[in-house]
Structures are given as C-alpha cells and as structure tokens.
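Engineer: This is a predicted model, with the sequence first.
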Amino acid sequence: MDRIIGFIGCGNMAKAMLNGLIESELIAPEKIIVSAKTNETLEDVKKNYKVNTTLDNKKVAREADYLILAVKPHMYDLILKEIREEINQECIVITIAAGISINYMKKHLGKDILVVKAMPNTPAMVREGVTALSFDEKICEKTKDEIISIFDSFSRTEILEEELMDGFTALCGSSPAYVYMMIEAMGDGGVLQGIPRKQAYRMAAQAVLGAAKMVLDTKLHPGELKDNVCSPKGTTIEAVAKLEELGFRKSLIEAMRICGEKSKEMNK
C-alpha cells in the first residue's frame, strides 16, 4: 500500500493494528507515523514496530492519508479541535471509539472531510478480531477496499450501516467479556471434577476456540452443530437441558440487549 497511515494515540488497540499491518506486510513501517503523549510510549513503539514517531499530533494530521484516531472517547473534543486546521483535505479520518458517530466527526472537522467509523474488538491483539466498518457515503470503492485491507490485516471485517453499530457492540465489542466469563466458569467446573486449574482453563479455552472454528469453517447452523454433539440419553443433552432450565440463552440475549441500549445512550 503506497499510503501514509497515521495514528494519534497508541494504546493496546493501536498496537494490535500496528502489529497486524506490519506482520501482514501490507505496508512498510516507514509509511506509518504514530503520535502519543509521552516519549516513553513512543520509544516502545519505535523499538517494537520501527515506525515513525512524534509527540506532535498536528504533524500526524498533516502527513497522513489515512488518519486513525486511537484515543479514548472523552479525548475526541480536544484532539479534533487541535488538528482540524491541519488535516489535509484528501485525508480520510477513521474513528475507532465507541459513541463517536460520523456526523459528530464531520461537525467537528468540517463537512468536506471523509470519515469512517470502525469498531474493532480486543481479540485483534492476537489477529483474531472482528471489525465493523461504516463508510462515509462519498468514499469511493477503491478507497473502501484499501481501508478494508487495513482491518483485514488483524481481523475479520464486516460492513454495517452505522445505525447497526450499537448491535455490533453488544454482539462483538463486548462479547469477549461474556466468553471469558464462560471459560472461567468452565474452568471452575473442571476443577470441581478434579482437573488442575491451569490445565482446566487451557482446555476450556481450546474447546471454545475449536467450537468457534467449527461454526466458521463448516458454515453449519450452530443449532445443528449442537445437535451433533447431543446423543440420545447422553451426557451432553443432560448438560444442555440444565443450561436451558437455568436460562443460559435468555441470559445472554438479555445481556446483549442491555449492552446495546447502553451503547445507544452513549451515542446520544
């Protein structure tokens, strides 16, 4: 890719993105420029990723073709005020913060700036994330493909209408926490059966990973895959029946409903 990618902010998600971009060889490190608050952070970034670094957010805004704002939502007002006069008019600005809309970005940067709303989730750190993208209607197909390739370097990418982003937050943004809770509970169940805890967590995590890969690779309905494990009068159907009795699915659906409502509230 013969573009300059700029990052303002370099927390865990930005580092996950940098790792994916560089390991995939999509872009050369010298084509990336990163700003952060402290020299300590920048020294770490320079050492690990060999990219250009600066304390000057305005410099990143001036040089970037794709400008990724990787700061916390409460920092956006300050950052956008700082860089709005510096962004080159051909630049496309990408927000990865929850609660920040395309309209909000245009209001603060000017209507002529093209904006993408991206929502990556934390498994991007191990290049197994999923990212939802919503595009400014004026962005051309070639540019869309380039932006998709950026996020494909560390995640599976899905295109969504912006109005569905709250649902994505509930389904994918927050769901790693639900899954970690399930793995922890499965580990506890393994310990109850006599399996050492570290081994129980490791096996539980692999079981979840394998089940997810079955859904993705076979493209079978999750219900069909579940049925294939449930032999008549067997151990699994006993466990599934108890989960249904305890409201396992209902609890997940309700948790996602609450999460989506909270996301909509934040966007307002």
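Structural biologist: That came through fine. Residues are numbered from 1 along each chain as shown.
Engineer: burial count for residue 137?
Structural biologist: By the criterion of other Cβ atoms under 10 Å, residue 137 has 7 neighbours. In this view, the C-beta of every residue, glycine as well, is placed from N, C-alpha and C.
Engineer: which SS class is it?
Structural biologist: Here residue 137 is recorded as coil under DSSP: H, G, I helix; E, B strand; the rest coil.
Engineer: So that it lines up with my notes, have the first residue be 59 from now on.
Structural biologist: Sounds good: first residue 59 from here, last item residue 195.
Engineer: For it, which residues are in contact?
Structural biologist: Contact analysis of residue 195 by Cβ atoms under 8 Å, 6 or more residues apart in numbering lists nothing.
Engineer: Now residue 149. Its backbone dihedrals?
Structural biologist: Recorded main-chain torsions at residue 149 are phi -70, psi 140, according to degrees, to the nearest 10.
Engineer: I figured it hits residue 168, correct?
Structural biologist: No. Using Cβ atoms under 8 Å, residue 149 is not in contact with residue 168; the gap is 11.5 Å.
Engineer: Give me the more crowded residue out of the two.
Structural biologist: A direct count of neighbours by other Cβ under 10 Å for residue 149 and residue 168 places residue 149 higher, at 21 against 12.
Engineer: And that one, how close does it get to residue 174?
Structural biologist: Look at residue 149 and residue 174: by Cβ to Cβ, to the nearest Å, they are 11 Å apart.
Engineer: what's the answer for residue 323, then?
Structural biologist: Shown here: residue 323 relative to residue 174, a distance of 23 Å by Cβ to Cβ.
Engineer: who's more crowded, these two?
Structural biologist: Ranked by neighbour count (other Cβ under 10 Å), residue 323 and residue 174 place residue 174 first, with 24 against 10.
Engineer: What separation do you get for the closest residue to that one other than its chain neighbours and residue 71?
Structural biologist: The spatial neighbour of residue 174 that comes closest, neighbours along the chain excluded (Cβ to Cβ, 6 or more residues apart in numbering), is residue 152 at 4.6 Å. Applying Cβ to Cβ, the value for residue 152 to residue 71 is 12 Å.
Engineer: between those two, which one's more packed in?
Structural biologist: Higher neighbour count among residue 152 and residue 71: residue 152, with 25 against 22, using other Cβ under 10 Å.
Engineer: Looks to me like the more buried one is in a strand.
Structural biologist: Yes. Counting by three-state DSSP, residue 152 is part of a strand.
Engineer: Wait, it touches residue 206, no?
Structural biologist: No. Taking contacts as Cβ under 8 Å, residue 152 lies outside contact range of residue 206: 11.6 Å.
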